[in-house]
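Test case, fold it:
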Amino acid sequence: MVDDWTQPAQDMHAEVAAYFSSLEEVASGEAAESALPLLLLSVGQLCAAGARLGALVDVVPAERFEPDAGPDADLERVREALHTLLGGLDDYCDLEDPVITGEVTRGSLSDDLVAVAADLAHGQEHYLAGRPTEAMWWWQFSYLSSWGERAAAALRVLHTLLAHVRLDATDEQVMEAELAALHAVT
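Numbering: from 1, shown residues only. Alright, predicted model coming up:
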């Protein structure tokens, strides 16, 4: 059992801050051509941090109740910007529960990315208020109950999109890219 959650909370805080920074950068639209690789890297790193949370012993805070903080207006702005940036790539087919039902449902990459951010932001509030145990509890609980699944779904969709972008190119497009790369080296 861990008595002091300060260092793990500090590590998770850094992961959360990096994720928020990536979302803001992509949502700004200033580097649309790098949106998919940046999101893939950011969500992948966050999934690794979440896996560490899932592997930890259960975090138990001193108090077991807190009021709902409500929706975050800034995240809605980010969701809308991501939805606009992704356009027709935003919606995808998802599974309700791959273990129990296997029912196919609609998913949205922008919704997933922002739902993850909302869960992380709540833990971040605890961390910034100097409550590392509560932050770790929230990040762990929400990882297991919601954001872990949404992040994993987003990671799969981002990987699939990037694979299509990179592998579905015509032979002519590949040759042009290879020539451009050769000329850039010389």
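
Please count neighbours and contacts with C-alpha atoms only from this point.
OK.

distance between the ends of stretch 30-40?
The first and final residues of stretch 30-40 sit 17 Å from each other (CA to CA, to the nearest Å).

how about it: buried residues?
35, 36, 38, 39, 40 (16 or more other CA atoms under 10 Å).

How many residues are close by the closest residue to the last one other than its chain neighbours?
Distances taken as CA to CA, 6 or more residues apart in numbering put residue 158 closest to residue 40, at 5.7 Å, once the chain neighbours are dropped. One way to gauge burial is a neighbour count; for residue 158, by other CA atoms under 10 Å, it gives 24.

Report the buried residues of the helix or strand where residue 158 lies.
Taking DSSP states H and E as the definition, one finds residue 158 inside helix 148-167. Buried residues in helix 148-167, counting neighbours by 16+ other CA under 10 Å, are found at 148-155, 157-159, 161-162.

same question, stretch 36-52
Within stretch 36-52, the residues scored as buried using 16+ other CA under 10 Å are 36, 38-47, 49-50.

wait, which of the residues you listed is closest to residue 140?
Proximity of the buried residues of stretch 36-52 to residue 140 was ranked by CA to CA; the top entry is residue 50 with 7.5 Å.

can you tell me which residues contact the closest one?
By CA atoms under 8 Å, 6 or more residues apart in numbering, the contact list for residue 50 reads 140, 143, 148.

Make CSV from these and add distance to residue 95 and pLDDT to it.
Putting the contacts of residue 50 into CSV (distance: CA to CA, whole Å; pLDDT from 0 to 100) gives the following:
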residue, distance to residue 95, pLDDT
140, 23, 94
143, 18, 95
148, 14, 95
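
Can you give me the neighbour number for residue 123?
For residue 123, which is what you asked about, the neighbour count (other CA under 10 Å) is 27.

The one helix or strand it maps to packs against which elements?
Secondary-structure element containing residue 123, defined by DSSP H and E: helix 109-128. Applying 3 or more CA pairs under 8 Å, 6 or more residues apart in numbering; DSSP states H and E, we find helix 109-128 packed against helix 6-27, helix 73-86, helix 132-142, helix 148-167.

just those: most buried one?
Using mean count of other CA atoms under 10 Å, the stretch among these with the largest mean neighbour count is helix 132-142, at a mean of 24.

Report all helices and strands that that one contacts.
Judged by 3+ CA pairs under 8 Å, 6+ apart, helix 132-142 is in contact with helix 6-27, helix 35-55, helix 109-128.

Can you check the pLDDT for the nearest residue to residue 104 once chain neighbours are set aside?
Here the nearest residue to residue 104 in space, its sequence neighbours aside, is residue 95; by CA to CA, 6+ apart that works out to 4.6 Å. Note on residue 95: pLDDT of 77.

Tell me if I'm right that residue 95 and residue 149 touch.
No. Look at residue 95 against residue 149 with CA atoms under 8 Å: they stay out of range, at 10.6 Å.
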